[in-house]
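In: Got a sequence here, can you build the structure:
(chains A, B, C, D and E)
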Amino acid sequence: MSWNSALPLLVLASSLFPGGVIFFLSEERVVTRTVLNLAGATLKLLLVGVMIWGVFHGEPYESRLPLLPGLDLVLRADALSLLFVTLSAVLWLATTVYAIGYLEGSPNRSRFFGFFSLCVTATIGVALSGNLLTFLLFYELLTLTTYPLIVHRETEVARRAGRIYLTYTLAGGALLMVGTLWLYTLSGTLAFTAQGFLSTLASSEQSTLIMIFVLLMMGLGVKAALIPLHGWLPQAMVAPAPVSALLHAVAVVKAGAFGIIRVVYDVYGIQFAATLGVTLPLAVVAAVTIIYGSLRALFQDDLKRRLAFSTVSQVAYIILGVAIVGPIAAIGGLVHLVHQGVMKITLFFCAGNIAETLGIHKISDMNGVGQRLPWTMAAFTIAALGMIGLPPLAGFISKWYLGLGALEAGQGWVVIVLACSSLLNAAYFLPILYAAWFKPPPERWPAERSFGRQETAWPLLAPPLVTALLTVVIGLLASAPFSPLQWVHFITTSEYLP
Amino acid sequence: MSVLIFSIHWQVMVVLLPLAGAIACFLWPRRGVMLALVCALGTTLSVAGLSWLVVVEGAQRYTVGGWGAPLGIDLYVDGLSLLMLIVTSVVGVAISVYANGYFERSRARAFWPLWLFLWGALNALFLSADIFNLYITLELLGLAAVTLVALAKGAQPLSSAMRYLLVTLLGSLLFLLGVALLYHSSGSVDIAILAERLSASPVVWIALGLMVVGLLLKTALFPLHFWLPQAHASAPAPVSALLSALVVKASFYILIRLWLEIFPPNNFVLGQLLGLLGAAALLWGNLQALRQTRLKMLIAYSTVAQLGYLFLAFPLANIIGWTGALYMLLSHAIAKAAMFMAAGNILRFGGHDSIADLDRIVQRLPLTVTTFALAGVSIMGLPPSGGFVAKWLLLEAAIRSAQWWWGVVLVLGGLLSAVWIFKVVGYAFTPSPVPHEVRAVPASMEWSALALALTAIALGLFSSWPLALMMVGLPFGEGGGS
Amino acid sequence: MTFFLFFALVGIGLFTLGLYAVIVHPHLLRKILAVNVMGSGVFLLLVALAKRSDSVDPVPHAMVITGIVVAISATALAVILMLRVKGETGRVKLPETPQE
Amino acid sequence: MTLLPLIFDGVLGFTLLWLAWQLLGSPDLFRAIVLFIAFGLLMALIWVRLDAPDVALAEAAIGAGLTGALLLAALARLGPPSETASLDNQGDRASVAEGGGLPFRRWLVALHLVLACGLGYAVMSLPSAAPGLSDAVANSLALSGVSNPVTAVLLNFRAYDTLLEMGVLLLALLAVWSLGSTPDAPPDDQPVGGVLALLARLLTPLLLLVAGYLLWVGGRAPGGAFQAGSVLGAAGVLLVLAGWRLGRRFAQLPLRIMLVAGLVLFMAVGLFVMLVGGDFLTYPHASAGGLILLIEAAATLSIGMILAALFLGIRPDSRADQ
Amino acid sequence: MNGFMSTFLLLLVPGLPLLLALPALHSRLRRPLYLALLPAVILWIVPADIALELPWLLFGSGVAIDGDTRWLLASLVLIWMVAGFLLQATRGTKERRLTTFLLLMMGGSLSAILVTEMAGFFACLVLLGYAYFGVLLTADGSEASRPAARLYLVLLVLSDVLLFEALLVTSIMSDPPWGKAIGEEVMHPAAQPPPLLFYLLLTFVGFAARGAVWPLQSWLPRLSVSPHPALTLLLGAVVIAIALLGMVRWLPLGELTSPLLGFLIQGVGGVALLYAVVAGLKWQTISATFILFFSGLLIIMVGVGLADPAVWNSYSHWGNIFIAIIAIGLAVLTLVRDRLGAPPCNAVVAGKPAVPMVGLLEERIGRAIRWVSKAGFESLPRLRAACVVQIVRLWQPHQWQRMLVRGEACFRQWHYAIALSLLLAIVVVLIGISFQDYPETAAVQVHINQEGVQQ
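Out: Purely as a prediction, here's the structure:
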C-alpha cells in the first residue's frame, strides 16, 4: 500500500486508535489518556497538513476497501473534504483540551473520551468519503457514536434527549439509505465526481431524480437541522459543553450540511440540479430555517438553547450558499462551514465556562459576568459579533459572499433574508453582551468555583481564546494563502470550471 | 497438502465428527468439555476443508453408499449450504466456548452430547439433497432442540419445551406427508430428480403446501410464531442463542431449497403471500418486542421479527433478493447469538433480566453491553454491519423489481428494532444507585459473545467473500423465481 | 376403487382425525396419542400408495420402519416431558395464556 | 375380483378409523391407551394386507407394544386415573369454551373436511401406476449383499437414513436421561412377585431367541435389526417390569458402550469402507452381506437396550449418583 | 525613511491602539492614550505618501495616507489629545475598561481615516461604533442615559445592515465583482444590478442613522449632556464626524447624479438646520445643537452635490476640510464649555425629548415581541408538542397496547395457532393451484436487472 493510499486511512486511525485504547483504560489513568488524546489530535493535524499540501499540488490520496458488490468503501482526499477535515482536526484538538479541563473529576471519563474519539473518526470519515455509500456508512456511525455523548450525563432528561436525537437521526439515516440505494439502482455508481454523475441519465428519469433528491435532502436535513427537522438539536443541549461544542460546530450538523454540499455538487452537479429545479426550493427552505431559527433563538432564556437555535439558523447559511446557484454564493456557503464552526465552538466553550465556573445557565442570570470572567466574555463577544456578521470578523466574510453571490445570481430576496437574519442575530446576541458587560454583577454567583488568580482553569480558558483569535485572524487575513477563503476559492474553481 | 484436502471426504467428516463427539461425550461425561471443544474445532476445520474444496472445485455432489439418486442418498454442497455450514460452525464454536462457562457440572453432562447431536443434525440437514433424509435430520434437530430447551429449570421452560415438541412434531409430520405425496407422484425423494420430474399439478401443490406450512411452523413465521418467544426466552442462554441463530434457520433453509429447486416457476402470488407474512412478522415482532419487560423475551420477539426479513426475499425473487435474505440470515444468526449470550451474561450477573431494573447491572458489564450494542447495530441494519449489507441488498432488490412497498417495510422494520435496542442500551447510561449481590461472569462468556458481535460487524466490512461464496454452484441459478 | 386407494384414504382420515384431536384436546397424553395416530396415517398413506404397481416397492416400507422408530423416540421424549410438566405445574396441559 | 377381501379390507379400514375416533375421544385415558394398542395391532394387520410384513413386525413390536407400554407406564405415573380423567374432561370443556365454543369447532371441522378432501383428491389424482423405485431396488438387490429388499434399502441403499435414525433413538434416550427422574416417580424398587415375575422368567429366553431369529433371517425374509431390536426391547421391558435391574457395575460405562455400540459400529464400518476406497457406507459387494449382518447385530443390541431404557425412563445409575 | 519602516508605521497607527486595548498592557502604562497616538503623530509629521495593500476579502484592502487624509488625521489626533486631556480627571474602578474602549475607538477612528476602500472603512466604522457604545456605558452608567444608549445601539445595528447592503450593491455594480478567476461564462446573464437610487438611499440612510441627521437625532441631545465633556467631544468630533465623512466618501458625489434624491437630501438638511435653530437652543445641549446645525449644513452640501456634480467638483476638497473644521470647532466649544463651568446639568430635564420616546419605543417593541411569541412563533412548537402528545396518547395507553396483547394472546392459543397453520396450508395450496402458469403475473418482474450482482 503506497503512502498516498495509506494516508487517508492513517488520518482515520489517528483518532480511531486512541479511541479504541481509551475504552480499556481504567478511570484513574488520567495521564495516559490525556497523552493519548493529545498525541492523536496532534498527529492528525500533522497528517492533515501533509495532505493539504499534497492536494494543493495535485497529489491523489485514495484508499479503497471492497464493501458491497460493485461498491467500495472509498476514502479520498479532495479539496472539499480537506476543508472539513481540517476544520474537524483543528477543532478536535481544541475541544480535547477543553474537555480534559471540563470533565476533570467527573465519572465515566474513559467512556466519554473513547466515544469522543470515535465521533471524530466518524466525522473525518464523513469528510473523506469518496462515494455516497461510504458517506452513509460514516454518517450512521456518527449517529451511533454521538448518542453516548449526548446521554453522558445519565439523567432522565439526557436520555430523553438521546431518544429524540435517535428518533430524528435514525429516521433520517433510513431515508438517506433509501435515497442512496435508489440512486445506485438508477446510475450504477455512487462515486463523488466533480460536476456530478447524473446529468447523463435519460430525461425520463427526471421526476425520479427529483424524488431521490427530496429523500436525500430529508435524510441529510435532519443532521443539518433544516426546518422542520431541527427538533433534536435544542434537546441535545443537555450534553456536556464540549459535546455541544463539537456537535454544533463540527460533527453532526456539519456532517449534514457537508452531505448536502456533496449531493448537490458531486452527485447531482450544481448545473444539473439547477436544471432539475431543486435548488430554489432548497434555498427557500434554508432561508426559512435561517429566519425561523433566529426567531426561536430570540425567545430562549437558556444560553445553550439560544446558541442551539442560533446554530439551526447559521448552518442553513451553508445550505443557502449551496442552493443559490452561483460561484460566489458557493464560496460564501462553503467558507461559512469553517467560519461558523470556529465561531460557534467559541460560543459553546464560553457557555460551558460560564456554567462550569459560575453555575450560570440562564441569560437572565448573566448580569455582570464580564467582570468576573473578562477573558471568557471577550472571546464570547468576538464570536458573537462575528456571528452577527460584523467586519472584519469571520462571519462578515461569509455573509459578504453570500449576499454578493445572491445578487450575482439574481436572487435579491436572499439579501433581504440575510439582512433580517443579521438584525435578529444582533437582537439575540447583543442583549447578552450588554448584560454581561454593562449590568452590575450580583452579590454572589450561583455556584462559583475558585481557580486562584485565574478566572478559570486554563484548559477551559485557552481553547475559547484560541478559537476567538482564529475568528479574528481568518476574518482579517481572509485572502492570505491557505486561509479558508482561499481554499474555498480553490474548491469552487474546480466545481464551476469544468 | 492439497492432495490431503481433496482426498478427505469432508462432507462425511462434517456430519460424523459432531455425532462421534456426542457419543464420546455420552460415554465419558467427565471429559465432556474437552471432548466437545476438540470436536467443535474438528468440525470447524472440516467445514473449512469443505469450503476450500467447494471454492476450488465448485459445487459437490456426494453419493453416500455409492448408489446415487434415486436409489441412494446424495449429499450436495453448493454456496447456499456451505454458507449455512459456516454460520453453524462460527456460532457453534462460540457457543461451545460460552457454554463451557455457563453450565454447572450436572447440566453440562446433559448439554454437551445434546448440543453436538444438534450440531451434527444441522450439518446433515444442510448437506442433504434428499427430502426424506431431510425429514430425519429435522426430527433429530427438533428432538435435540426441545431437550435443550427443557434443560432449564422451572415450569415455564418445561411447558415451552412441550409446546415446542408438539409443534416440531406436527411440522415434521406435515413435511412427511408432503414427502410421501411427492414420492408417489415422482418416484424419487432426491431434490434434483424431483426438480426434473415435477410439473405443476394439484398433487404437487398440495404436497408443497403441506411441506411449506410444516416448515413455516418450525421457522415460526408470523402468525405461527406462538411457540417461539417462550421457548427461546426460557431456554438456557447458550441454547437460546443456538435456537435463534441456527435451529429456526434450518427449516428456512429447507424452504428456500425447495422453493428454488422444486417449486413450479411463476409462483409470484405465493411469493407475495410469504412476503406479506414476512412483513407482518417484521412489524408484529418488533411491536411485541417493544412491549416486553424481560430482556430475553424481547430478544426472542426480535427473532420473530427478523425472520420476517428472510421471507421478504420470496416476493422479490431475484438474485439480489436471495443474496440479501441469506446475508440477513448470516448476520442475524451471528448477531442474535451474540445478543442472547449477552442477555445470558446479564441474567447470570444480576440474577434477573427485567429490563426496567437493568440499570443496576449493566454498567458493571461494559463488555456485555458493548456486545449487545454491536449486535444491535447489526440487527438494526446500521452500517457497517452484516445487517446493513443485507438490508441494502434486499432494498436494492425491492427497488430493482419495482416493488417499493417491501422497501418501506424494510425501512420501517429497521427503525422499529432501533427503538427497542436503544430502549435497552439506554439503560447503560443510567447511574447505578444500589449496589447489590452479583455473580461473577467468566471472561470466556463475555469474550465469546463479544467476538460474535464483532464478527457481525465485520460482516459489514468484508462482505465480498461471503457473497462470492454464496454464488458457488449458482444456487439461485437462473434468477430464482423470475 | 382399488383397496390400496381405500387404505390411503383411511390414512388421510387418520391424519385428519389426529390433527383435529391435537387441536381440540388439551390433555397432553391425548395430544401425544393424536400425534401418533397422525403418524400412522402418514405411514399408511406412504405404504398403501406403494401398492399401485404390481411389484412391491420396498423403499416406502423402509421409510415407514424408520418413521416408526422416530415416532417412538419422539413419544418417549414427549412422555417424559409431560411427566415433568405435571411434576412442575401439577397440570397435564399447556398453559394457554401467556405468562408474563 | 372376489368380494371377500374387499369386505375384509373395508371392515379393517373402518374399524381402524372407528378405533382412532374412539381412542381420541374417549374420556377415559386408560381406555384410550388400550384402544391405541388395539389400533397398533390392527395397523399391523393392514401392513400385512399391504404386503409389508417388515413394517407389520415393526408396528406390532414398537408401534403397538412398546409405545403402549410406555404410555401406560406414563399414565400410571401421572396419578390416579379418575383424577386425571376428570381433569382431562374439564380441560376439554374449558378448551372448547376458550376456543370460541361451538362456532370455532364448526369452522375447525370444516377446515379439516377441506383438508381431507384436498388430500383425498390428491391421492385419487395420482397416476395409477406408481413411478416407484421397485425396479431400481430389484436391479441392485443382487449387489446389496442381502436378499430382503427392505433390509437392502434400510442398511445399504439408504443406510445413511438408518444411521441418522439410530442417532435419533440414541438422542431420545439422552433426552430422557437428561430430563431426569420425575419427582413423583413410583417407587420401582419393590420386588414384583407373582405371575409377572414368572412370565418374565419364562418369556425372556423365548424373546431372546425370537430376536436372534429375526436378526438372522432379516437378510432374506421379513425381519432385521429393528424388528429384532424391538423384540429385545420388549424383553427388556418385561424384565424391568419384573423389577430386574442392572448391577451397579454394569450400569455405568459398560451399559453406555452397549447403548452406543450399534451407532458406533455403523459409523465405523462406514468409515472403514472409505479407507478401502469408496464413498461413505459403500460396502464392497463381496463383503456387503457380512458387514450388514455385523451392523445389524450391534444395532439390534443397542436398539433393544435403548428401547428398554426409554421405558425405564431414568438413568439407571442415577441412584448410584445420589 | 525606508519602505518597511513606513509600512510598519502605517500599520501601527491603528495597530498600536488596538494592541494597547488589552487591559493587561495598558494598565501598566502611565498614559496609554497619548502613547497610542504616537504613531499617528509621527505619520502626520513624516511628509511622505504611503500606500499599502492588505489581503482582506478576495479583492484585497488597503491603507494609505495622502494630502487630504493628512489633514483629517491631524484634526483627529488633535481631538484625541483634547479628549485625553479632558479625561485625565477620570479615575476609578471603571478606568481600565474605559481605557480599553477608548483605545478600541481610537484604533477604529484612525484606521477609518486611513483605509482606502469601502469595505475597510465599513469595518472601521463598526469598530468605532461599538467601541463608542462601550465607552458610553462604561463612563456614564446612569440609568437615565441607558435608554438613549440602547437606541443608539439599535440605530447602529440598523445602519450596519443598511451599509452592508449598500456595500453589496456597489460591489455588484462594479463588474466583475471579484476578479477574473472564474470565467464569465458561468456568470448569470440574469444578474441585473439593482438601481442606483437604491444604493444611494441605502447609503444615505445608513450614514444618517450614525450621524444623527434630523429625523434620527433623538438620541443625540441626551448623550451630549454627559457628565464627561470628553464623551460629548468624542461623540460629535469622532463618531458623528466620521459618519459624515463616510457619507461624503461613499456617495458617488461628482460622478453620478440623482436630482430627485439630491433635492430630497437638501430638504432634509434644511429641516435639520431649522430644527437645530428652533428646538435646540439651550445651553445644556449647546453642543448637540452645534452638531445638528453643522451636520445639516453638510447634508445640504451633499444634496447639492448629488443633484449637480459640477457644483460638487468645484468645492469637493472642501468637504473633508469642512468636517475637520466642524470637529475642531466642536473640540473648542467643548473645552470652552468645560472651562466656563456649565450650570448644573439637569439630566431629567435635558433628557426629556429622548427618554419618553425611547421608553415608548422599547415598550412597543417588547409588546410586539410578546404578541408575536404568543401568536406566532411559539405556537408552532406548541402545535408540534400537541401533536406529539396526541401521538403519545394514541400510542401509550391501552388501545394499541391492548390490541397487541390480545392479538398475541390469541396467536398463542394452541387451537387457534394450529388451525391457522392449517388454514395457511389450504391458502397456499389454493394460491398455488389457481395462479400457476400465468405468465402475466410475472410481468412485474421484468424490471429485474441482475447484472449488478453477478460480479
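In: Below-threshold pLDDT in the stretch 101-250 of chain A: ranges please.
Out: Scanning the stretch 101-250 of chain A for pLDDT under 70 picks out nothing.
In: Near chain B, which residues of it? Just list them.
Out: Applying CB under 8 Å from any CB of the partner chain, we find that the stretch 101-250 of chain A lies next to chain B at A:107, A:111, A:136-137, A:140-141, A:143-144, A:147-148, A:151-152, A:154, A:158-159, A:162-163, A:166, A:170-171, A:173-175, A:177-178, A:181-182, A:184-185. Just so you know, the C-beta spots here come from the backbone N, C-alpha and C atoms, and that holds for glycine as well.
In: Pull out the buried residues from these.
Out: A:111, A:136-137, A:140-141, A:143-144, A:147-148, A:151-152, A:154, A:158-159, A:162-163, A:166, A:170-171, A:173-175, A:177-178, A:181-182, A:184-185 (16 or more other CB atoms under 10 Å in any protein chain shown).
In: What about the residues you listed, which are in strands?
Out: Using DSSP state E, no member of those falls within strands.
In: Can you flag which of those belong to helices?
Out: The members of these that map onto helices under DSSP state H are A:111, A:136-137, A:140-141, A:143-144, A:147-148, A:158-159, A:162-163, A:166, A:170-171, A:173-175, A:177-178, A:181-182, A:184-185.
In: Work out which residue lies at the spatial centre of chain B.
Out: With distances taken as CA atoms, centre = their mean, the residue of chain B nearest its centroid is B:L246 (2.6 Å).
In: Isn't it up against B:V87?
Out: Yes: using CB atoms under 8 Å as the test, B:L246 is close enough to B:V87 to be in contact (7.2 Å).
In: Pull up the overlap in contacts between those two.
Out: With contacts defined as CB atoms under 8 Å, 6 or more residues apart in numbering or on different chains, the residues shared by B:L246 and B:V87 are B:A333.
In: Tell me the span between the first and last residue of stretch E:131-149.
Out: 12 Å (CA to CA, to the nearest Å).
In: what pLDDT, on average, does it get?
Out: Across stretch E:131-149, pLDDT averages out at 77.
In: Could you do stretch E:320-337 as well?
Out: The model assigns stretch E:320-337 a mean pLDDT of 76.
In: tell me which residues in it are buried?
Out: Neighbour-count burial for stretch E:320-337 [16+ other CB under 10 Å]: E:320, E:322-324, E:326-328, E:330-331, E:333-334, E:337.
In: what's next to that stretch, contact-wise?
Out: Counting by CB under 8 Å, 6+ apart, residues outside stretch E:320-337 touching it are E:68, E:71-72, E:74-76, E:78-79, E:82, E:86, E:229-230, E:232-233, E:236-238, E:241, E:244-245, E:248, E:286-287, E:290-291, E:294-295, E:298, E:301.
In: Now with 6 Å, please.
Out: E:68, E:71-72, E:75, E:79, E:82, E:229, E:232-233, E:236-237, E:241, E:244-245, E:287, E:290, E:294 (CB atoms under 6 Å, 6 or more residues apart in numbering or on different chains).
In: Could you give me the PyMOL syntax to select whichever of these are buried?
Out: Buried residues within these, by 16+ other CB under 10 Å, are selected in PyMOL with:
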select buried, chain E and resi 71+72+75+79+82+229+232+233+236+237+241+244+245+287+290+294
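In: Run through the residues that contact the residue in the stretch 201-322 of chain D positioned nearest to chain B.
Out: Chain B sits closest to D:T282 of the stretch 201-322 of chain D, with a gap of 3.4 Å, by CB to the nearest CB. By CB under 6 Å, 6+ apart, the residues touching D:T282 are B:65-66, D:273.
In: Contact partners for the nearest residue to it once chain neighbours are set aside?
Out: Excluding the flanking residues, the one nearest D:T282 by CB to CB, 6 or more residues apart in numbering or on different chains is B:G66, at 3.4 Å. Shown in contact with B:G66 (CB under 6 Å, 6+ apart): D:278-279, D:282.
In: buried residues in the helix or strand harbouring A:Q271?
Out: Per DSSP states H and E, A:Q271 falls inside helix A:270-276. Within helix A:270-276, the residues that count as buried by 16+ other CB under 10 Å are A:270-274, A:276.
In: State the phi and psi torsions of the closest residue to chain E within the stretch 1-150 of chain A.
Out: Of all residues in the stretch 1-150 of chain A, A:P69 sits closest to chain E, at 5.6 Å by CB to the nearest CB. Main-chain dihedrals, A:P69, degrees, to the nearest 10: phi -60, psi 120.
In: For the residue lying farthest from the centre of chain D, I want the exact helix or strand it lies within.
Out: Here the centre of chain D is the reference, and by CA atoms, centre = their mean the most remote residue is D:P103, at 38.2 Å. In the assignment (DSSP H and E), D:P103 maps to helix D:101-124.
In: Mind exporting the C-alpha coordinates of that helix to CSV?
Out: The C-alpha trace of helix D:101-124 is given here as CSV (Å, rounded to 0.1, in the frame of the first residue of the first chain):
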residue,chain,number,x,y,z
GLY,D,101,-67.1,-22.7,21.6
LEU,D,102,-69.2,-24.3,19.0
PRO,D,103,-68.7,-21.9,16.1
PHE,D,104,-65.0,-22.3,16.3
ARG,D,105,-65.3,-26.1,16.3
ARG,D,106,-67.6,-25.9,13.4
TRP,D,107,-65.0,-23.9,11.5
LEU,D,108,-62.4,-26.4,12.6
VAL,D,109,-64.4,-29.3,11.3
ALA,D,110,-65.0,-27.6,8.1
LEU,D,111,-61.3,-26.8,7.8
HIS,D,112,-60.4,-30.4,8.4
LEU,D,113,-63.0,-31.6,5.9
VAL,D,114,-61.4,-29.3,3.3
LEU,D,115,-58.1,-30.8,4.2
ALA,D,116,-59.3,-34.3,4.0
CYS,D,117,-61.0,-33.7,0.7
GLY,D,118,-57.9,-32.0,-0.7
LEU,D,119,-55.7,-34.8,0.4
GLY,D,120,-58.2,-37.3,-0.9
TYR,D,121,-58.3,-35.5,-4.2
ALA,D,122,-54.5,-35.6,-4.3
VAL,D,123,-54.4,-39.3,-3.7
MET,D,124,-57.1,-40.0,-6.2
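In: Give me the helices and strands touching that helix, please.
Out: helix B:202-219, helix C:3-24, helix E:414-435 (3 or more CB pairs under 6 Å, 6 or more residues apart in numbering or on different chains; DSSP states H and E).
In: Can you name the element that comes right after it?
Out: helix D:134-144.
In: per-residue confidence averaged over that following helix?
Out: Per-residue scores along helix D:134-144 average to 85.
In: cool, and stretch B:410-423?
Out: Here the average pLDDT along stretch B:410-423 is 89.
In: Which residues does it contact?
Out: Here stretch B:410-423 makes contact (CB under 6 Å, 6+ apart) with A:166, A:170, A:174, B:282, B:286, B:289-290, B:376, B:379-381, B:391, B:394-395.
In: Which ones among these lie within strands?
Out: Using DSSP E, the subset of those located in strands is empty.
In: ok, now how distant is D:A175 from E:L18?
Out: Using CB to CB, to the nearest Å, D:A175 is found at 89 Å from E:L18.
In: Which one's more surrounded, those two?
Out: It is D:A175, of D:A175 and E:L18, that has more neighbours when counted by other CB atoms under 10 Å in any protein chain shown, with 29 against 18.
In: wouldn't that one be in contact with C:V79 here?
Out: No: D:A175 sits out of contact with C:V79 when judged by CB atoms under 6 Å, with a separation of 10.9 Å.
In: what residues are shared contacts of the two?
Out: By CB under 6 Å, 6+ apart, no residue touches both D:A175 and C:V79.
In: Find the helix or strand that E:G62 is a member of.
Out: Using DSSP H and E, the element containing E:G62 is strand E:61-65.
In: Quick check, pLDDT for B:G92.
Out: 93.
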